[in-house]
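Asks: Generate a structure from the sequence data that follows.
(chains A, B, C and D)
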Number of protein chains: 2
Amino acid sequence: MDRSNSISGKTIGRLSLFRRLLTALSFEGKTHIYSHELANMAGVTAAQVRRDFMVIGYSGSPVKGYHITELIRCVSRVLDDPEGTNVAIVGVGHLGRAIMNYFQGRRPKLQIVAAFDRDEHKVNRVIQGVRSHSLSALKEVVAQRRITVAIITVPASSAQEVAEQLVEAGVRGLVNFAPVPLRLPDEVSVEDMDITMSLEKVAYFSGISDAGKERMEP
Amino acid sequence: MDRSNSISGKTIGRLSLFRRLLTALSFEGKTHIYSHELANMAGVTAAQVRRDFMVIGYSGSPVKGYHITELIRCVSRVLDDPEGTNVAIVGVGHLGRAIMNYFQGRRPKLQIVAAFDRDEHKVNRVIQGVRSHSLSALKEVVAQRRITVAIITVPASSAQEVAEQLVEAGVRGLVNFAPVPLRLPDEVSVEDMDITMSLEKVAYFSGISDAGKERMEP
DNA sequence: CTCACAGCGTTATTTTTTTCACAAGAAAAC
DNA sequence: GTTTTCTTGTGAAAAAAATAACGCTGTGAG
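Replies: Model (predicted):
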């Protein structure tokens, strides 16, 4: 599978979701699935499922649908770096711990291998099976453990600085939980997890359906 | 401002971001800003900034740019429910605490007013200024405190069940941190915060730029 | 055997979102 | 007083994404 030709971010996101759903199905013993079934589970249309699988070059059978384990393998060939991806997490507060806890032993090809924190009390300990280091050791550890992706869970005030250090140390992708847009070179891919934005979005859309009505009929 | 005509989700998200940036600028004493400055801060194009403000009907001056406090007021008139929005959080683990901690006293119009957890040890306490309740009191408390939006931070296995209870109790918008797509009526707006997906996406895009090269030149 | 079906792969179409490009206007420069 | 140089607002164009449509194929019923 050629990882260098471009697949859209939206498609990659859905493939990740599909793989998770398929893996669960596989555990339940299901062997085949139709596009509309998967679409239903993922909350998208069947056409989109077929199209996504088309772009990664997987073909199912019109009669049995898609073969689940083969499909998982094919998606994984696209998503996973064959050598695995080592991930660091910077910021060992509640959020950092929650994420470490969730990811422990979940994906063999995508492992959190180091944590960092400014607070010396949280340093040199093993949390959820992950060794925590002082921020000052960042560059060294990132290089040594060949870390290419990092999760930022520090306060907004230090996020930019931390991000720059990570990039300088060789990190090429970031998941950013701090509520600030990071200014980084274009070749670094950043995914923002902006909780405030999501909450305000949901609040907005949960309000428009009847807010007008209420005020129209006093 | 008419909240009932539809503004796209993308635009709402950016407005939320713009407001946060503008608020920070306002604190620093800045009074005016040009579209390209804000665009730069937010990581979008200037045209997009102007267009987003166009759809909410705010006009700046071609000479001085946008008046920051007026603009904030105008964006807020779109985003905020004038009566405020009460938010619940279900699941008081690390993630739930992190979110409560972050939101405490941040937005007056968007307040977390109740927390819920299945674990009786975490119940009937005040965490980050928010009272935690037993899950069995969910319906009652949601109705009493007029909660319309909820944040789900429970394990994947109970997310669907919790979501259904919330919707039945009257909640109309959800931010879902559990790694499962929720199946709910269309009128409920759901925003998924899928950490696994984001991480896999970033891992993918951080890999494509040079993964090919490495294998092309052994 | 033939026919109706069901679902895939793919092309075409529509819809949504973003970007471009330029008129208009006012300060500043000269 | 004119020209230059910035903006904004917005229609037009382009790009991206989602959806619909349809030919194809193998299966099973009659």
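
Asks: CA atoms only: put stretch A:59-74 into PDB for me.
Replies: What follows is stretch A:59-74, C-alpha atoms only, in PDB (Å, rounded to 0.1, in the frame of the first residue of the first chain):
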ATOM      1  CA  SER A  59     -12.700  -4.900  -2.800                       C
ATOM      2  CA  GLY A  60     -15.500  -6.900  -1.300                       C
ATOM      3  CA  SER A  61     -17.800  -9.400  -2.800                       C
ATOM      4  CA  PRO A  62     -21.200  -8.200  -4.000                       C
ATOM      5  CA  VAL A  63     -22.700 -11.300  -2.500                       C
ATOM      6  CA  LYS A  64     -21.100 -11.600   0.900                       C
ATOM      7  CA  GLY A  65     -20.000  -8.000   1.500                       C
ATOM      8  CA  TYR A  66     -16.600  -7.300   3.000                       C
ATOM      9  CA  HIS A  67     -14.500  -9.900   4.700                       C
ATOM     10  CA  ILE A  68     -13.900  -8.300   8.100                       C
ATOM     11  CA  THR A  69     -10.500  -9.600   9.000                       C
ATOM     12  CA  GLU A  70      -9.100  -9.000   5.500                       C
ATOM     13  CA  LEU A  71     -10.500  -5.500   5.600                       C
ATOM     14  CA  ILE A  72      -9.000  -4.800   9.000                       C
ATOM     15  CA  ARG A  73      -5.700  -5.900   7.600                       C
ATOM     16  CA  CYS A  74      -6.000  -3.700   4.600                       C
END
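
Asks: can you pull the buried residues of it?
Replies: By 16 or more other CB atoms under 10 Å in any protein chain shown, the buried positions in stretch A:59-74 come out as A:60, A:65-68, A:71-72, A:74. In short, each C-beta sits where N, CA and C put it, glycine included.

Asks: Setting the sequence-adjacent residues aside, check what's closest to residue A:123.
Replies: residue A:134 (4.7 Å; CB to CB, 6 or more residues apart in numbering or on different chains).

Asks: contacting residues around the one you found?
Replies: A:116-118, A:120, A:123-124 (CB atoms under 8 Å, 6 or more residues apart in numbering or on different chains).

Asks: Now do the phi/psi pair for it.
Replies: phi -70, psi 150 (degrees, to the nearest 10).

Asks: Tell me the secondary structure of the residue nearest the centre of chain A, please.
Replies: Among the residues of chain A, the one closest to the centroid is residue A:175, at 7.4 Å (CA atoms, centre = their mean). At residue A:175 the chain is in strand, as set by DSSP: H, G, I helix; E, B strand; the rest coil.

Asks: Relative to chain B, how far out is residue A:157?
Replies: 11 Å (CB to the nearest CB, to the nearest Å).

Asks: Point me to the helix or strand that includes that residue.
Replies: helix A:156-169 (DSSP states H and E).

Asks: Where does pLDDT dip in chain A?
Replies: A:1-5, A:209-218 (pLDDT under 70).

Asks: With that, I have no additional questions.
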